[in-house]
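Trainee: Below is the sequence, then the predicted model.
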Amino acid sequence: MTPNPQDLLDWYTHNARKMPWRVGPKDRQNGVLPNPYHVWLSEIMLQQTTVAAVKDYFIKFTALWPTLNDLANAEDADVMAAWAGLGYYARARNLLKCARLLRDDFGGEFPQSRAQLEKLPGIGPYTSASLSSIAFDHSETVVDGNVERVISRIYDIHTPLSTAKPELTALAAGLTPKLRAGDYAQAIMDLGATICTPKSPACGLCPWRGACRARSAGTEHELPKKLPKKTKPTRLGIAYVVKRIDGALLLETRPESGLLGGMLGWPTTDWGEAPQEAPPIRAEWRSLNEQVRHTFTHFHLQLSVKTAYVPLDRPAQRGSFVASEDFRPSDLPTVMRKVFDLAYKT
């Protein structure tokens with residue numbers, strides 16, 4: 001038995017999740033069109049991040065920059081500060097590059113084809129498919145982690161991820177309808193997020209339960225199979241928190257390339273196995289007893305923290321002083337905010 005896309009669309013009509021960037025299925029059928037800017041912004045934010053984490057950021061961004069051109073005209077520092085805490089900061093840099101390219105070369109409008117979309121900064125195969133499908137209703141196959149899980153169970157695929165991705169994508173493409181493709185893309189993702197969940201799938205509520213081969217075989221809880229995770233290495237570093245006697249704090253903008261690129265933060269050493277001292281200013285340093293721990297995609301980080309107070313006339317070798325009234329801890333990326341919290345609770 002082959003899954004019927006219409007069964008999923010009927011389920012989605014009554015069970016679609018409400019999201020601030022989404023045009024619901026009933027509104028869409030009544031002629032309300034999605035805002036491509038909202039679709040693009042949400043999809044970039046949702047990369048490697050959860051819906052729950054993204055909602056407030058999306059609302060904040062669209063309040064500050066209601067249109068694509070508003071975002072394109074924004075100051076880099078303001079956008080990076082608004083992004084702080086959402087992680088994967090290259091996304092924010094590419095967000096600005098893409099917005100400005102669309103403003104300058106496309107009249108502030110998104111192209112609709114995947115081929116054109118993938119030429120834009122920060123847009124790869126997944127984002128181009130989701131934007132083309134959801135924003136413009138083109139029949140493109142959208143495959144995220146939720147879709148991989150649904151398809152692996154529907155067809156009882158035991159090939160482990162990510163090896164199985166081409167096979168799962170081909171099977172998903174065979175189900176993607178020509179009509180209501182945007183609703184269908186969101187429907188299958190909603191199905192994975194709310195019904196076909198990783199640990200306890202609610203098979204009795206699934207509109208495709210009759211066609212699910214894994215359910216028939218009793219293997220739904222085993223799928224999708226995954227390759228063993230590699231052990232993450234641990235890197236070490238030192239963060240320097242400097243306060244001037246007038247309350248100003250010594251901060252630096254990190255290089256555009258690399259982790260936390262373009263973000264405001266405390267001066268640090270390089271991160272590695274044996275970091276070498278690299279104080280940004282001459283001072284008497286106090287080492288804190290605790291360390292800051294943070295996990296990135298490919299490694300764990302442990303930062304020792306050193307603090308110092310300096311006079312007004314002490315020059316810094318790195319970074320610049322920011323007046324206390326202009327400093328907002330919320331503008332810092334999460335790991336740098338952890339350093340601040342540790343330095344000022346001690």
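Mentor: Noted; the coordinates are in hand.

Trainee: okay, CA-based contacts and neighbour counts for the rest of this
Mentor: Noted.

Trainee: In contact with the closest residue to Tyr155 other than its chain neighbours, which residues?
Mentor: Nearest residue to Tyr155 in three dimensions, chain neighbours excluded: Arg213, at 5.4 Å (Cα to Cα, 6 or more residues apart in numbering). By Cα atoms under 8 Å, 6 or more residues apart in numbering, Arg213 lies in contact with Arg153, Ile154, Tyr155, Asp156.

Trainee: from those residues, which is closest to Ile188?
Mentor: Ile154 (11.7 Å; Cα to Cα).

Trainee: Setting the sequence-adjacent residues aside, check what's closest to the closest one.
Mentor: Leaving aside its chain neighbours, Ile154 sits nearest to Cys212 (4.2 Å; criterion: Cα to Cα, 6+ apart).

Trainee: before we move on, back to that, which of the contacts of Arg213 fall within helices?
Mentor: Arg153, Ile154 (DSSP state H).

Trainee: what's the closest of the contacts of Arg213 to Thr49?
Mentor: Nearest to Thr49 among those is Arg153, at 23.4 Å by Cα to Cα.

Trainee: From Ala172, how far out is the closest residue in space to that closest one that isn't next to it in sequence?
Mentor: Excluding its sequence neighbours, the residue lying closest to Arg153 (Cα to Cα, 6+ apart) is Ala214, at 5.0 Å. According to Cα to Cα, to the nearest Å, Ala214 and Ala172 sit 16 Å apart.

Trainee: circling back to that earlier point, quick one, what contacts the residue nearest to Arg153?
Mentor: Taking Cα under 8 Å, 6+ apart, one finds Arg153, Ile154, Tyr155, Asp156, Glu220 in contact with Ala214.

Trainee: In the chain, where is pLDDT below threshold?
Mentor: 346 (pLDDT under 70).

Trainee: show me the biggest helix of it in terms of residues.
Mentor: The chain, longest helix under DSSP H: helix 90-105.

Trainee: Can I get that helix as PDB, trimmed to CA atoms?
Mentor: The C-alpha trace of helix 90-105 is given here as PDB (Å, rounded to 0.1, in the frame of the first residue of the first chain):
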ATOM      1  CA  ALA A  90      27.800  32.300   9.900                       C
ATOM      2  CA  ARG A  91      24.000  32.100   9.200                       C
ATOM      3  CA  ALA A  92      23.600  35.700  10.400                       C
ATOM      4  CA  ARG A  93      26.500  36.900   8.200                       C
ATOM      5  CA  ASN A  94      25.100  35.100   5.200                       C
ATOM      6  CA  LEU A  95      21.600  36.500   6.000                       C
ATOM      7  CA  LEU A  96      22.900  40.000   5.600                       C
ATOM      8  CA  LYS A  97      24.900  39.200   2.400                       C
ATOM      9  CA  CYS A  98      21.800  37.500   0.900                       C
ATOM     10  CA  ALA A  99      19.500  40.400   1.800                       C
ATOM     11  CA  ARG A 100      21.900  43.000   0.300                       C
ATOM     12  CA  LEU A 101      22.400  41.000  -2.900                       C
ATOM     13  CA  LEU A 102      18.600  40.600  -3.300                       C
ATOM     14  CA  ARG A 103      18.200  44.400  -2.700                       C
ATOM     15  CA  ASP A 104      20.900  45.400  -5.100                       C
ATOM     16  CA  ASP A 105      20.500  42.800  -7.900                       C
END
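
Trainee: Give me the buried stretch members for the helix or strand following that helix, please.
Mentor: Using DSSP states H and E, the helix or strand that follows helix 90-105 towards the C-terminus is helix 114-117. For helix 114-117, burial by neighbour count (16 or more other Cα atoms under 10 Å) applies to Arg114, Leu117.

Trainee: Output the contacting helices and strands for helix 114-117.
Mentor: If you count contacts as 3 or more Cα pairs under 8 Å, 6 or more residues apart in numbering; DSSP states H and E, helix 114-117 packs onto helix 125-130.

Trainee: to the chain's geometric centre, what's the distance from the helix it packs on?
Mentor: Helix 125-130 sits 14 Å away from the centroid of its parent chain (Cα atoms, centre = their mean, to the nearest Å).

Trainee: picking that back up, now what about the longest helix of the chain, what contacts it?
Mentor: 41, 44-45, 68-69, 71-73, 76, 79-80, 83, 108-110, 120-122, 259-262.

Trainee: Assign a three-state SS to Glu252, would you?
Mentor: strand (DSSP: H, G, I helix; E, B strand; the rest coil).

Trainee: how close does the residue nearest to it when sequence neighbours are not counted get to Arg254?
Mentor: Of all residues not flanking Glu252 in the chain, Gly319 sits nearest, at 4.2 Å (Cα to Cα, 6+ apart). Applying Cα to Cα, the value for Gly319 to Arg254 is 9 Å.
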